[in-house]
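Visitor: let me see the structure of the following:
(3 chains)
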Amino acid sequence: MKKMKTLKKNYEFENVLKKGKFYIGKQITIYVVKNNSQNNLFGIAISKKTCKAVQRNYIKRRIRENYRLIQNDLKKGYNIVFLWNKKIPVNEASFHIIKEDMKKLFEKAGLL
RNA sequence: GUAGUAAGCUAGACAGUCGCGUAUAGCACAGCCGAAAGGCAGCGUACGAGGAAAGUCCGGGCUCCAUAGAGCAAUGAUGCUGGAUAACGUCCAGUGAGGGAAACCUUAAGGAAAGUGCAACAGAAAAUAACCGCCUAUUUUUAGGUAAGGGUGAAAAGGCAGGGUAAGAGCCUACCGCUAGUAUGGUGACAUACUAGGCAUAUGUAAACCCCAUCUGGAGCAACACCGAGAAGGAAGGUUAAGACUGCUCGUCGUCUUCCAUUUGGUGGCAUGAUGCUUACAGUAAUGUAAGUACUAGAUAAAUGACUGUCCUAGACAGAACCCGGCUUAUAGGCUUACUAUAAAA
RNA sequence: GCGGAUGUGGCGGAACUGGCAGACGCGCUGGUCUUAGGAACCAGUGCUAAAAGCGUGGAGGUUCGAGUCCUCUCAUCCGCA
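Guide: Alright, predicted model coming up:
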């Protein structure tokens, strides 16, 4: 199995957030934009203001794990950025809710 | 047993499946890129967050600023004594003061006769004390004496008792407090004893300025060094004004200031260090010395997760980012040791 | 990661060397005026029924007395390749 590829640079994130289409779920929001390669690149962005470092890591792990499980079913050639909805308390973050959210959002976006 | 005090330890465990980061003189070399060197990827193996990693409050190492440039001395910090330490505002042992029934705990604790400032309101007066009262003289008015008593205030001129007096007053005496001196003990802070002083020992405030003693150049790994690519341009103004470099003086370096345009990637720095653990010796202790032994995170959108099962006390606070020594703050539950007080029962 | 600044009624913003906190402006509430609204003018406006008391992000300390001085802490904002 190949390694997961991620977005790295600040301008890459800005590109996706400015030009991409966004879809809002219960707990997470995704931004999607086409790229011309044959792979999917993804990134996770959580503001410093929402919570502290431990909880940010907690959310990132849940999202990354879910993406890992679902990524082979997706169409290829997109940049994806995940955001956490600010108003949701961090304690409610759960693996299963994110899983459902992610399925619905990718269906909406037409990647599934 | 109950209540409490002090010190220390721990920070859910185990099993299965999938997955992440770093290293790799292992396997494979049959995958991808490349002319090649090599890089990426696969399998295996090893290791993989904390007691506070946090706050950034102090002290160092390290790097650059010129080789901490020189002087004045400002600014800033610390502030009982002795010791420890690379250093410290930290730690250890003591002293004084305060708290507690005790174990024990707290303590920014130098100087107010070097000088300056401030003390609102109230009060006669807030620092060279006379408002009421008391006493004496006097017909009243008034003059003098007086800090016992009243009232004001956060604070009112040693406290209390007796003597004394016109009334009073350290005016005199005892005790307590204070100050000075001497002696003894202690490295010292200081303690104890004795003697002397009637106490002008002249209110409080130095976390007000200040004085004294000690220390102090600035910036920070986004420092800095190297490699590759890009750019290295134009206009206007100023030559002693601003910068390096916080006040002033001198000195050095680089021309300097404003506007427009531009400003990306990689490698090193980067983990063997004032290091941890064990034992012995020195010391009350902090700590030091010697020997043995171990090396066990090193990312860069940033690694520990998900699911299932079992158990219990049902898991708090919380995520390394150059590295150490502290401090402070957050913190569920459990365990160990020492000590203090005490009801009831046996 | 490192460095720096700021917190005062609902909002902006004062309070000089510590000495009556809420000046001033905006808003809000009530009233006058008007058929009605606006404008204008008048009064009120931190908490509590009132007194007492508590109130300057929070917790301690110094002081007779802290918005102001000191220590710790929380939140917000800014800069640095």
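
Visitor: I'd like to know which elements the top helix by length along chain A is packed against.
Guide: Longest helix of chain A, by residue count under DSSP state H: helix A:53-70. Judged by 3 or more CB pairs under 8 Å, 6 or more residues apart in numbering; DSSP states H and E, helix A:53-70 is in contact with strand A:41-45, strand A:78-84, helix A:95-109. Just so you know, the C-beta spots here come from the backbone N, C-alpha and C atoms, and that holds for glycine as well.

Visitor: most tightly packed of the ones you listed?
Guide: Ranked by mean neighbour count, the helices and strands packed on helix A:53-70 are led by strand A:78-84 with a mean of 22 (mean count of other CB atoms under 10 Å).

Visitor: please name the strands paired to that strand in the sheet, noting orientation.
Guide: If you go by DSSP bridges, strand A:78-84 pairs up with strand A:28-34 (antiparallel), strand A:41-45 (parallel).

Visitor: list the contacts of the spatially most central residue of chain A.
Guide: For chain A, the residue whose C-alpha lies nearest the mean C-alpha position (CA atoms, centre = their mean) is A:F82; its distance is 2.6 Å. When contacts are counted by CB atoms under 8 Å, 6 or more residues apart in numbering, A:F82 touches A:28-30, A:42-45, A:63, A:67.

Visitor: make it 6 Å
Guide: Applying CB atoms under 6 Å, 6 or more residues apart in numbering, we find A:F82 in contact with A:28, A:30, A:44, A:63.

Visitor: nearest to RNA strand B among those?
Guide: RNA strand B lies nearest to A:I44 out of the contacts of A:F82, by CB to the nearest atom of the strand, at 6.4 Å.

Visitor: so how do I select the buried members of the contacts of A:F82 in ChimeraX?
Guide: Of the contacts of A:F82, the buried ones go into a single ChimeraX selection, burial set by 16 or more other CB atoms under 10 Å:
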select /A:28,30,44,63
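
Visitor: list just the nearest of the contacts of A:F82 to A:G77.
Guide: A:I30 (15.7 Å; CB to CB).

Visitor: pLDDT wise, what is that closest one at?
Guide: With respect to pLDDT, A:I30 scores 85.
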